[in-house]
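J.: Using only what follows, build the 3D model:
(2 chains)
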Amino acid sequence: MPPSLLHKTLLYSPLTLSTSRSSTTLMKMMTMASVSPTHFTPHTLTQPHSLENPQLSLFDNCKSMDYLKQLHSQTIKTGMTSNPVVQNRIVAFCCKHESGDMNYARHVFDTIPEPSMFVWNTMIKGYSRIKVPENGVSMYLEMLRRNVEPDHYTFPFLLKGFTRDIALECGRELHGHVVKCGFHSNVFVQNSLVNMYSLCGLIDMARCVFDTSQTRDVVTWNAMISGYNRIKQFDESMKLFDEMEKNGVLRTSVTLVLVLSACSKLKDLNMGKRVHEYVKECKVEDDLRLENALIDMYAACGRMDLALGIFQNMKTRDVISWTAIVAGFANAGEVDLARKYFDQMPERDYVSWTAMIDGYVRVNRFKEALALFRKMQTSNIRPDEFTMVSILTACAHLGALELGEWIKTYIDKNKIKNDVYVGNALIDMYSKCGNVEKAQRIFKKMPRIDKFTWTAMIVGLGINGHGEEALDMFTEMLKASIAPDEITYIGVLCACTHTGMVDVGRKLFASMTTQHGIEPNVAHYGCMVDLLGRAGHLKEAHEVIKNMPMKPNSTVWGALLGACRVHKDAEMAEMAAKQILELEPENGAVYVLLCNMYAACDRWENLREVRQMMIDRGIKKTPGCSLIEMNGIVHEFVAGDPSHPKSEEIYSKLDEMKTDLKFAGYSPDTSEVSLDVGEEEKESALYRHSEKLAIAFGLISSGPGVTIRVVKNLRMCVDCHHMAKLVSKMYNREIVVRDKTRFHHFRHGSCSCKDFW
DNA sequence: ATAGGGTTAG
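T.: Numbering: from 1, shown residues only, chains lettered A, B, ... in the order given. Below you'll find the model as predicted:
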């Protein structure tokens, strides 16, 4: 229908309530909607209607579209199709049955010359059922155009199918129609308005309908609470719950489920217990959903004992009950217990799988997360965007770029919802896998971004050595009026550290409090110590520690210790190490760092003392470990490890490399080898470092031009760093190594960190 | 012959 015609219709129809401005929205909807205009089929009723026709009873048993089509064709043969009762039955089946076909419904509807109110409403309900609200609206407009007045069933049916977007687009205008039609005091209509408004976040409008309602019932209250839950204003939900009692409204199990959900999000155990008492007093009928909500509340509050108590006493459990238990244990870090329940589940859906996968991710057991994801796929359970976020997080930690890329393709191909969480996870994955360009590409394409998006991008640029761009991003973020938080500032300060921008870092640190009212926490002080220390301002770094308003933790001292080692200040290093060991006597890394430093200063006597201390105290060094992903498989190497199936080839490649590199002027840098042994033995220790094994494996397992990406759990050693630079030049290969804190992009013989790390 | 509100995972 041409817009002008609709415009006229709306203007002159008795139902035209909207101003011409607001009706343009609905007009636009109409042109968008995919429903073809109704054709008026001339119809002559040739057969008398028989209401008691036995054919009609056949419709009662209809269970499928195929059967319905058979019945339909029979009615055509007997001339019954023009019987309004038959028409109603056919349309109603298509609109209501789970297998019902709305196109078929529309086709039959279009043959009805003057559809009854019932048929109009049924059609609208049908479009809501299949979640195509545009067609519902289009149907509604068609009604108005044909001067059919909606009744009090029409609006609930129509609004029920609304999505956020369409509610924002024409919710208010339809509300106007409701008032003009005089249905605003119908409690069903009101309730659907409250729901519609809370769906699209117009909570004040919802509240307005609620407050002015003369006829509100328990469902109105519930819908309102649901609205507050949706926008995470759980305190308002609680308030309404208490007000219900004052107003003498009898709460239903739905009310309790809603309030328990709020308790769970707030982790409000006391309120949760109060609701549980209410249930125990049999004030409402117990049902499955309510029990599930109780499990969830107790689990969220960390009371798995009470959650299990409910779970074990349930007569019937569904997949949600089981998942709530699995998720509860997973969130508590008890991932093995979670797995025990997961394995016992009679059936699992995509939420159960995702909860379990995410449990592994939360406790940094990424390889198990990936293994479970593979199992999920062989079980033919379709993952959704939540699953994708978990897997992308695992990829980010493992540096598994290939799998990450595969997930990206999977999302696009399978039309998985690409929301802001997914975008953020993709940015994180790409930048933690060392591909900051692709991270930026995702950033630019995201239709909606939030604080986390900016922060992920700032951190990503910073750790990849693009400090200045990270700060530009920060400026842009502020320009976009997005308030930074503590994490954003961690990213900003790290960016300064990795680029050595000391003065800028100092200024930004000061701006936290002055510009944004964020009190620096211990991590921020750690960043400052790191920033100053790495740049060689060891005394100033120490001053920062002495003057910080809270007790410095081992990370803060660790930053100073690291700086002391780089700048070879043995005295301060000893002091810092002592501080850390007071806090964490078992911290193996500190002993190792001290050893490295004594080795670098040729203080072998001290080194031996520390070694002895380690032996006496039973302290183990964290073994260096490097990961490399090849054809979607993550390979793990530890120093000197001969267990890889291709070990022989790897070691002979290493020999070859050593010869090639020495020819090009490479000499092993043994300054950090904390072994008081001959030069030759030091070299052979260096030569077995895990990152070298991984790089050699990368060279033999991939074709020329393929970037080698390695993730190391510790800081990269000086010699490996040197060697990687030469390899990048001699073999013309890009190498990206992610170490404990940052990235090293080796290209044409130099590193993005500019040897500053 | 036609209605409304709910639980599990980032």
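J.: How far does the helix or strand containing A:R608 sit from its chain's centre?
T.: Following DSSP states H and E, the helix or strand that holds A:R608 is helix A:604-617. Centre-to-centre, helix A:604-617 and its host chain are 46 Å apart (C-alpha atoms, centre = their mean, to the nearest Å).
J.: Stretch A:403-423 too?
T.: Relative to its parent chain, stretch A:403-423 has a centroid offset of 11 Å by C-alpha atoms, centre = their mean.
J.: Name the residues of it that are buried.
T.: Going by neighbour count (16 or more other C-beta atoms under 10 Å), the buried part of stretch A:403-423 is A:403-405, A:407-408, A:411, A:416, A:418, A:421-423. C-beta here means a position set from N, CA and C on the backbone, and glycine is covered the same way.
J.: Is DNA strand B within reach of it?
T.: Yes. Stretch A:403-423 lies in contact with DNA strand B when judged by C-beta under 7 Å from any atom of the strand; the contacting residues are A:419, A:421-422.
J.: I'd like those as JSON lines, with pLDDT and secondary structure appended.
T.: As requested, the residues of stretch A:403-423 next to DNA strand B are arranged in JSON lines below (pLDDT from 0 to 100; DSSP: H, G, I helix; E, B strand; the rest coil):
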{"residue": "A:D419", "pLDDT": "93", "secondary structure": "coil"}
{"residue": "A:Y421", "pLDDT": "96", "secondary structure": "helix"}
{"residue": "A:V422", "pLDDT": "96", "secondary structure": "helix"}
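J.: Where does the closest residue to A:L294 other than its chain neighbours fall, secondary structure wise?
T.: Counting by C-beta to C-beta, 6 or more residues apart in numbering, A:I310 is the residue found nearest to A:L294 once chain neighbours are left out, at 5.1 Å. Following DSSP H and E, one finds A:I310 within helix A:304-313.
J.: Restricting to C-alpha, output that helix in PDB.
T.: Presented in PDB, the C-alpha positions along helix A:304-313 are these (Å, rounded to 0.1, in the frame of the first residue of the first chain):
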ATOM      1  CA  MET A 304      25.800 -25.000  47.500                       C
ATOM      2  CA  ASP A 305      24.800 -27.000  50.600                       C
ATOM      3  CA  LEU A 306      21.400 -25.400  50.600                       C
ATOM      4  CA  ALA A 307      21.100 -25.500  46.900                       C
ATOM      5  CA  LEU A 308      21.800 -29.200  46.900                       C
ATOM      6  CA  GLY A 309      19.300 -29.700  49.700                       C
ATOM      7  CA  ILE A 310      16.600 -28.300  47.400                       C
ATOM      8  CA  PHE A 311      17.900 -30.200  44.400                       C
ATOM      9  CA  GLN A 312      17.900 -33.600  46.200                       C
ATOM     10  CA  ASN A 313      14.400 -33.200  47.600                       C
END
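J.: starting at the chain centroid, how far to it?
T.: Helix A:304-313 sits 28 Å away from the centroid of its parent chain (C-alpha atoms, centre = their mean).
J.: ok, and what's touching the next helix or strand after that helix?
T.: Toward the C-terminal end, the helix or strand that comes next after helix A:304-313 (DSSP H and E) is helix A:319-331. Outside of helix A:319-331, the residues that reach it under the criterion C-beta atoms under 8 Å, 6 or more residues apart in numbering are A:288-289, A:291-292, A:295-296, A:298-300, A:304, A:307-308, A:311, A:314, A:335, A:337-338, A:341-342, A:345-349, A:351-352, A:355-356, A:358-359, A:362.
J.: which ones among the residues you listed are found in helices?
T.: For the contacts of helix A:319-331, the ones inside helices are A:288-289, A:291-292, A:295-296, A:298-300, A:304, A:307-308, A:311, A:335, A:337-338, A:341-342, A:351-352, A:355-356, A:358-359, A:362, with DSSP state H as the criterion.
J.: rewinding a little: buried ones only from the contacts of helix A:319-331, please, as a ChimeraX command.
T.: Selecting in ChimeraX just the buried members of the contacts of helix A:319-331, where the criterion is 16+ other C-beta under 10 Å, is done with this command:
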select /A:289,291,292,295,296,298,299,300,304,307,308,311,335,337,338,341,342,345,348,351,352,355,356,358,359,362
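J.: tell me, which of the contacts of helix A:319-331 make contact with DNA strand B?
T.: Of the entries in those, the ones placed beside DNA strand B under the rule of C-beta under 7 Å from any atom of the strand are A:288-289, A:292, A:296, A:300, A:349, A:351-352, A:355, A:358, A:362.
J.: returning to that earlier point: okay, the buried residues of stretch A:403-423 in a markdown table with distance to A:P484 and secondary structure next?
T.: Rendered in a markdown table, the data for the buried residues of stretch A:403-423 read as follows (distance: C-beta to C-beta, whole Å; DSSP: H, G, I helix; E, B strand; the rest coil):
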| residue | distance to A:P484 | secondary structure |
| --- | --- | --- |
| A:L403 | 31 | helix |
| A:G404 | 27 | helix |
| A:E405 | 30 | helix |
| A:I407 | 29 | helix |
| A:K408 | 28 | helix |
| A:I411 | 28 | helix |
| A:I416 | 30 | coil |
| A:N418 | 25 | coil |
| A:Y421 | 19 | helix |
| A:V422 | 23 | helix |
| A:G423 | 19 | helix |
